[in-house]
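> From the sequence below, what's the structure:
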Amino acid sequence: MKPRRSKDRSARGAGAGAGGVAGASRGRVWWGRLALATGVPVVLLVALEGAARFAGYGWPTSYFVRGQTGDRPCWVENDRFGWQFFPRQLARNPPPTVMDLERPADGCRVYVLGESAAMGDPCPAFSMGRYLEVLLQARYPNRRVEVVTVAMTAINSHALLSMARDCARRGGDVWVLYLGNNEMVGPFGALDVLGPAAPPWPLVRARLALQRTALGQAAKEGLERWDGRSAPPGGWAGMEMFAGRELPPGDERRLRAYKNFERNLRDMIELGLRHGVDVLVSPAAVNLRDCPPFASVSGELAAGATPEALALWLKRGEQMEQSGDWEGALEAYEAAVAIAPRHAESHFRLGRLCLRLGRTERARLALERACDLDALPFRADSQIRSVCRAVAERFPGEKVRFLDAQAVLAARAADGVPGLESFYEHVHLKPSGNYALARAMAEVVESWLRRRGWESSGADWLSEVDCGTRLGLTDWAQFEVLDNVRRRLRQPPFTGTEQVRLLVREADREWQEVRQRLTAERAARAREILGRAVSQRPRDFRLHELRAQFLEATGDLAGAREAWSEVAQLIPHHHLGWFQEGRLLARLGRWQEAEVALRRAVRIRPELSEGWLELGQVLLQLGRPGEALVCFEEVRRLLPQDWRGAYQKGRALARMDRLTEAVEAFRLALRLNPEAVEPRYQLGEALAFLGRTQEARDLFQQVLEREPGHLLARINLGVALVRLGEWEAAAVQLRLAQQQAPGNPVVSNYLAQVESHLQAPR
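A predicted model of the protein is given here:
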């Protein structure tokens with residue numbers, strides 16, 4: 001029995017061992033299969049990535065790339081950085097930047113990170129960063145202070161985190177984070193105009209990480225070609241693209257955007273601290289007093305209330321306000337707020353009226369509430385400011401500071417509510433607003449510099465006027481900016497309500513005021529200011545740019561061309577100097593030189609539609625219509641809604657005697673811009689050559705109705721009338737042409753022939 005038991009145990013053991021070996025074998029098979037299933041695709045992807053990079057496909061995703069100015073290597077902006085965050089056809093570009101490869105050994109490098117307001121839009125030459133640099137440099141004349149603005153239009157904290165990572169790699173001492181305006185409307189924000197609506201931050205970062213690979217970039221490009229929404233007709237249209245895309249207060253997408261913002265801000269601060277940087281956090285200030293909400297939704301109404309009742313109370317309040325019954329208007333607006341507590345415009349009207357009545361604290365609360373409830377949220381709201389304060393206060397106070405920019409600008413306002421004394425419109429600052437914020441920032445930065453052993457000169461901070469002089473601020477610069485602002489304010493969403501149109505009227509008033517100051521005496525003073533500023537900072541391309549604009553505005557085209565040439569030499573990687581120099585060379589009739597400069601501009605920035613337009617016109621002047629046609633086709637591809645591309649294409653086709661095609665191009669230009677004069681004239685001329693005289697005559701008459709001084713239209717109308725046998729009418733037109741151009745031999749010859757015919761015996 002015992003031997004048998006022993007044998008049984010042995011048999012069982014052997015069986016178990018065999019089963020274990022078989023199980024282990026099966027496990028190895030499955031692990032092998034898994035490794036094969038995952039490893040082969042990984043190896044294949046790695047091989048494809050390597051092949052794509054070897055073939056030169058892909059683009060850099062860092063904010064800075066290596067460049068050169070003169071014989072000096074430097075860091076410059078990456079004009080493809082925005083491709084990660086925008087559809088490629090809508091991508092925004094960083095402003096031109098030149099930064100030394102290494103931070104100043106005996107100095108300080110400050111980065112100002114943010115969106116368009118931090119960039120200094122609409123004129124980066126007078127940004128808060130440039131004011132900050134002038135303030136600090138004057139305070140510490142024996143040290144080198146370098147302030148680098150790292151900012152872009154239309155971005156938000158998702159892009160800023162990537163920008164901050166690049167700043168951390170380039171060395172720095174202080175970061176100023178001025179942010180928050182675009183959290184709802186920027187890439188991955190709460191509205192899906194520029195991409196998915198507020199996806200969780202891990203998904204955003206995974207997507208951005210994938211785009212750092214060539215394969216990820218190829219996938220993004222393919223998806224954009226497939227998705228027609230990524231490239232709306234006409235390209236980038238700014239805030240207008242969001243019209244009709246309201247975001248109700250309390251929407252879940254808003255809440256997700258706030259969470260993403262909080263995480264991104266926290267990670268930016270932690271990143272800075274890991275690299276030994278002091279961080280100043282400042283939520284973007286906004287125009288509360290003079291910028292109404294861009295859109296209002298009534299939301300849930302009080303019990304028994306109707307939208308009609310809300311409209312009635314608002315109308316009644318408006319009528320009482322206009323008649324001077326402010327207390328009655330106050331009651332009406334209070335009733336509107338009670339009916340619809342989430343209706344932004346009701347709160348705005350209530351706040352504005354409270355300001356009139358001197359109830360400033362209640363006014364401030366109502367106006368802030370109007371901003372918070374804005375259904376087109378282009379401004380940083382109180383929740384953004386609360387997040388900034390709360391996140392900043394989690395970190396050591398000696399390394400991370402919070403600056404309430406809204407409070408800084410409120411102190412400048414007579415009623416304590418920020419408005420048009422600091423802003424051009426909703427968020428973009430006037431030079432005075434940028435100076436005020438830079439001054440507050442400078443005090444914080446100085447406290448950190450003193451901790452590092454820096455000793456100031458002991459002099460007072462530079463005044464706003466002194467800073468403006470060093471930055472080249474003249475009446476001509478302000479006029480140029482206000483002209484830009486006036487055009488911007490005449491586009492949606494600024495064209496919405498009567499309250500919004502108040503911004504337009506104020507900009508027009510300022511523009512007229514500055515225009516009256518553009519005298520010869522002030523021009524001499526401006527020339528002196530700019531000359532001194534350039535001599536003190538000869539490597540500052542922004543000063544050369546301001547000088548070029550001034551010289552062109554005062555009629556010195558040759559001097560302006562030279563100034564733009566300086567810009568091109570200082571930032572040779574950027575299209576701006578080359579384009580402007582080429583444009584002015586064309587105006588000076590130096591066609592071959594203009595072609596060289598413009599070709600360089602479009603080579604640097606292939607999507608520069610204005611560059612292709614100018615180059616095409618230069619090629620027409622050089623007698624090369626075939627090459628010009630290629631340029632105008634590119635304009636049509638880039639901006640299909642721009643009538644000028646179709647018009648110039650028609651001119652090129654006419655020069656090539658392709659008159660039937662030219663007629664179609666001119667007709668297209670008129671469909672795109674029915675009031676345009678030149679396409680109408682050129683269409684008439686082409687039809688005249690095709691023998692369609694009656695149609696040509698009608699078009700020439702239409703031209704003269706719009707522009708009575710159009711000499712060629714009048715001459716050609718006379719010729720057309722002759723061909724139609726209307727000799728007396730032709731004589732009338734040619735006599736008028738002779739009055740316009742008494743010594744014109746063509747007019748005299750035609751008129752002599754017509755009068756000879758009329759005098760001949762019948």
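> pLDDT score assigned to the residue nearest to E246 when sequence neighbours are not counted?
In space, and not counting its chain neighbours, E246 is closest to A375: 3.9 Å by Cβ to Cβ, 6 or more residues apart in numbering. C-beta here means a position set from N, CA and C on the backbone, and glycine is covered the same way. Note on A375: pLDDT of 93.
> How about S230?
Predicted confidence (pLDDT) for S230: 48.
> and what of P122?
96.
> Contacts only, for it.
424, 428, 481, 484-485, 488 (Cβ atoms under 8 Å, 6 or more residues apart in numbering).
> what's the answer for W591, then?
585, 618, 621-622.
> let's go with 6 Å and repeat that
618, 621-622 (Cβ atoms under 6 Å, 6 or more residues apart in numbering).
> In strands only, show me those.
Counting by DSSP state E, no part of the contacts of W591 is found in strands.
> neighbour-wise, which of these leads?
V618 (27 neighbours; other Cβ atoms under 10 Å).
> Pretty sure it sits against A586.
Yes - using Cβ atoms under 6 Å, V618 makes contact with A586 at a distance of 5.2 Å.
> ok, back up a step: now the residue nearest to E246: how far from Q512?
33 Å (Cβ to Cβ, to the nearest Å).
> Have a look at these two and say which one is more surrounded.
A count of neighbours by other Cβ under 10 Å puts A375 above the other of A375 and Q512, at 20 against 10.
> name the element that one belongs to?
Using DSSP states H and E, A375 is not contained in any helix or strand.
> quick revisit: wait, what's in contact with the residue nearest to E246?
246-247, 295, 297.
> repeat that with 7 Å
246-248, 295-297, 344 (Cβ atoms under 7 Å, 6 or more residues apart in numbering).
> Return the subset of the residues you listed lying in strands.
Per DSSP E, those never map to strands.
> Let me know the closest of the residues you listed to R439.
Closest approach between those and R439, by Cβ to Cβ: A344, at 32.1 Å.
> what about the closest one, neighbour count?
Neighbour number of A344 under other Cβ under 10 Å is 26.
> That one and L376 touch, don't they?
No - the criterion here is Cβ atoms under 7 Å, and A344 misses it with L376 at 9.4 Å.
> one step back: any idea which of the contacts of A375 the model trusts least?
Across the set of those, E246 stands lowest in pLDDT, at 84.
> correct me, but that residue touches L376?
Yes - counting by Cβ under 7 Å, L376 is a contact partner of E246 at 6.3 Å.
> Counting only helices, which of the contacts of A375 make the cut?
A344 (DSSP state H).
> Tell me the one of the contacts of A375 nearest E595?
A295 (47.1 Å).
> host element of the spatially most central residue of the chain?
Nearest to the mean C-alpha position of the chain, counting by Cα atoms, centre = their mean, stands T153 at 4.3 Å. T153 is located outside every helix and strand, with elements delineated by DSSP H and E.
> how deep is the closest residue to E393 other than its chain neighbours tucked in, by neighbour count?
Closest residue in space to E393, ignoring its immediate chain neighbours: F402 at 6.7 Å, by Cβ to Cβ, 6+ apart. The number of residues packed near F402 is 19, by other Cβ under 10 Å.
> If F402 is in a bridge, with which residues?
V281 (DSSP bridges).
> Low-confidence bits of the stretch 201-350 of the chain, can you list those?
227-244 (pLDDT under 70).
> Check the gap between the closest residue in space to S127 that isn't next to it in sequence and L429 for me.
Spatial nearest neighbour of S127, chain neighbours left out: G120 (2.6 Å); criterion: Cβ to Cβ, 6+ apart. Applying Cβ to Cβ, the value for G120 to L429 is 8 Å.
> Who has more neighbours out of these two?
L429 (28 against 25).
> That one bridge partners, please.
Under the criterion used (DSSP bridges), L429 bridges to F423.
> related to what we said a few turns ago, pull out the buried residues from the contacts of P122.
424, 428, 481, 485, 488 (16 or more other Cβ atoms under 10 Å).
> Looking at pLDDT only, which of the residues you listed scores worst?
Scoring those by pLDDT puts R488 last, at 89.
> Just the element for that residue, please.
helix 475-489.
> what's the closest of the buried ones among the contacts of P122 to M99?
M99 lies nearest to H428 out of the buried ones among the contacts of P122, by Cβ to Cβ, at 24.2 Å.
> so who does the closest one touch?
Contacts of H428 (Cβ under 7 Å, 6+ apart): 116-117, 121-122.
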